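Visitor: got a sequence here, can you build the structure:
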Amino acid sequence: MAYNEFAYFYDELNGEADYDALYTYIKGQLDAHGVADGILADLGCGTGDLTLMLTQAGYDMIGVDQSEEMLAVLREKADELGVSDRLLLLRQDILDLDLFGTIRGAVSTFDTYNHIGPAPRFERAIARAAFFMEEGGVFLFDLNTPYKHAQVLAGQSFDLDAGDALCRWTNRYDAASGRVDLYIDVTDRETGERWQESFSEYSYPLDTVTALLDRYGFTTVRTADGEPIMLENNFFPYEPFKDLLTSYEDLTNASLFDYLERHYGRRPTSTTSCTLEIVRASAEQASFLDIITGDPMFYMNAYFLDGEGRPLVIGRQYIVGSRFVFNI
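Guide: The predicted structure follows:
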């Protein structure tokens, strides 16, 4: 998949992406695994905001993308920043990746590896990345999950405003193949000219992804499994529950309500108020939840009473919507 005319509106339509937070996370992971300099490839680099940030951090960057239009935008940005001499741009399909030498690491963001195709093509792309990776190299990439395709994107349409252009983004999910077909319709506000592009995303079970990485010599250090769903704060009346301050029972995978019933003989049975709203993640919340600062979250604020109508607990939860389903 390659964005073509869409490339010239991409940065405006993707304006809510927090590249600073993305860069901070990726740079931290690279540093943590001993890749603080050297040659790094950005696979599916697009218009290159992340590529350029890593170039300015001292890496010798290779930006790889199928779209000449995307690369043209990146080339112009690099010239303006005066970093073109630290940046090699290659118009390639990552299925046929040829870097002419080894690299210390590779990054790939914004679902690039979902765009590759069914599992055999996904495997080939991993194999090509592995072929050029030095021993001890690091490969950081993201993927939309089967859950997100089936439960979040399926059948949804999104209207994006880029100022100079309007974009309608429509998703159609095919359950049999696990594929999402995406249709982009961009209209230039000034001229009325329209462009249409379409492509597909494929998702893969986690065990398939980890097995393929292992097959081609990668050791999976961190995956989306086990990622946090919510940040929860609970507030109790001090006197009846003051010994909670010195309790060392691990409630990580336990029910708080079961704990209250077991230790205090009280359990929430009703609420006096329960509200749900959309908020954006602060930097601190984002660091706990492994999301990007500014990402939307559900915020639930509930006041619980026990069976005798006594105040029991105020619960405030910040919930990552893409990882949680409310059954109403």
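Visitor: any stretches of the stretch 51-200 of the chain with poor pLDDT?
Guide: Counting by pLDDT under 70, the ranges of the stretch 51-200 of the chain that qualify are 162.
Visitor: repeat the analysis, applying 80 as the threshold.
Guide: 147, 160-165 (pLDDT under 80).
Visitor: so who does the most centrally placed residue in the chain touch?
Guide: In the chain, the residue lying closest to the centroid (C-alpha atoms, centre = their mean) is Asp142, at 6.3 Å. Asp142 makes contact with 108-111, 113, according to C-beta atoms under 8 Å, 6 or more residues apart in numbering. For glycine as for every other residue, the C-beta is placed from the backbone atoms N, C-alpha and C.
Visitor: got the residue ranges for the helices in the stretch 201-328 of the chain?
Guide: All helices of the stretch 201-328 of the chain, identified by DSSP state H, counting those that start in this stretch, fall at 206-215, 238-241, 256-264, 283-289.
Visitor: could you tell me the least trusted of these?
Guide: Among the helices of the stretch 201-328 of the chain, helix 283-289 carries the lowest mean pLDDT, a mean of 75.
Visitor: alpha carbons only: can I get that one in PDB?
Guide: Presented in PDB, the C-alpha positions along helix 283-289 are these (Å, rounded to 0.1, in the frame of the first residue of the first chain):
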ATOM      1  CA  ALA A 283       1.800  12.700  30.300                       C
ATOM      2  CA  GLU A 284       1.700  10.900  33.600                       C
ATOM      3  CA  GLN A 285      -1.400   8.800  32.800                       C
ATOM      4  CA  ALA A 286       0.000   8.000  29.400                       C
ATOM      5  CA  SER A 287       3.200   6.700  30.900                       C
ATOM      6  CA  PHE A 288       1.300   4.300  33.200                       C
ATOM      7  CA  LEU A 289      -1.100   3.100  30.400                       C
END
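Visitor: what helices and strands are in contact with that helix?
Guide: strand 230-235 (3 or more C-beta pairs under 8 Å, 6 or more residues apart in numbering; DSSP states H and E).
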